[in-house]
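Trainee: Next one to model:
(one chain, ligands or ions: 2)
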Amino acid sequence: MKNISVLVVILLVLFLMGGRLGYSQLAPAPQGAAPKTYDVNSDGKPDVIYHGDGKYVSKVEADTNYDGRPDVVVHIKDGKFESAEVDTDYDGKTDKKFNDAPSFNKWVNENKPGFNDKLNKTDWRIDLMDF
Ligand SMILES: [Ca+2]
Ligand SMILES: [Ca+2]
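Mentor: Numbers count the residues shown, from 1 in each chain. Ligands and ions are numbered 1, 2, ... in the order given. Next up is the predicted model:
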């Protein structure tokens, strides 16, 4: 019984190490990997663009009033929310700036609920190659 538990632990450790090694050997997305786009309102035009920094998503632009111009820009560094700028009246100028994810997430949830799943993420370490 004891031998079996030891064996299980060894296998588990090997499994975890293998997973880590395998993951770290994954080549990062090439610099300038094509941005990923989403068409939130299904009109055939992209409304959310995820830009990569060669590894993870680094910037997200969203056109939340569907006029073809981005009005929300999220800056992400090393997979973490850094800041967000919002043009709330769609005149091309930033009217609101968020420096922490919770207040930005709250704003999106209250004002742009249709964009929740694209803009409100707690972990931005999204490899562009995983899309
Ligand atoms: Ca669209
Ligand atoms: Ca817009």
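
Trainee: Now do the contacts for residue 42.
Mentor: Applying C-beta atoms under 8 Å, 6 or more residues apart in numbering, we find residue 42 in contact with no residue. Glycine gets a C-beta too; all of them are placed from N, C-alpha and C.

Trainee: and the residue lying closest to residue 119 once chain neighbours are set aside, which of the three is it?
Mentor: Spatial nearest neighbour of residue 119, excluding adjacent residues (C-beta to C-beta, 6 or more residues apart in numbering): residue 108 at 4.9 Å. Put simply, residue 108 is helix when judged by DSSP: H, G, I helix; E, B strand; the rest coil.

Trainee: give me every residue that touches residue 108.
Mentor: Neighbours of residue 108 in contact, by C-beta under 8 Å, 6+ apart: 72, 115, 116, 119, 120.

Trainee: Show me which of those residues are buried.
Mentor: Neighbour-count burial (16 or more other C-beta atoms under 10 Å) is assigned, among the contacts of residue 108, to 72, 115, 119, 120.

Trainee: Let me have the contacts of residue 108 in TSV, extended by pLDDT and distance to ligand 2.
Mentor: Shown next, in TSV, are the contacts of residue 108 (pLDDT from 0 to 100; distance: C-beta to the ion, whole Å):
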residue	pLDDT	distance to ligand 2
72	98	8
115	97	12
116	96	17
119	96	14
120	94	18
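
Trainee: wait, doesn't residue 79 sit right on residue 58?
Mentor: No - judged on C-beta atoms under 8 Å, residue 79 makes no contact with residue 58 at a distance of 9.1 Å.

Trainee: what about the two, which has more around it?
Mentor: A direct count of neighbours by other C-beta atoms under 10 Å for residue 79 and residue 58 places residue 58 higher, at 19 against 16.

Trainee: Helix or strand for the more buried one, just tell me which one.
Mentor: Element membership for residue 58 (DSSP states H and E) is strand 57-62.

Trainee: Great, nothing more from me.
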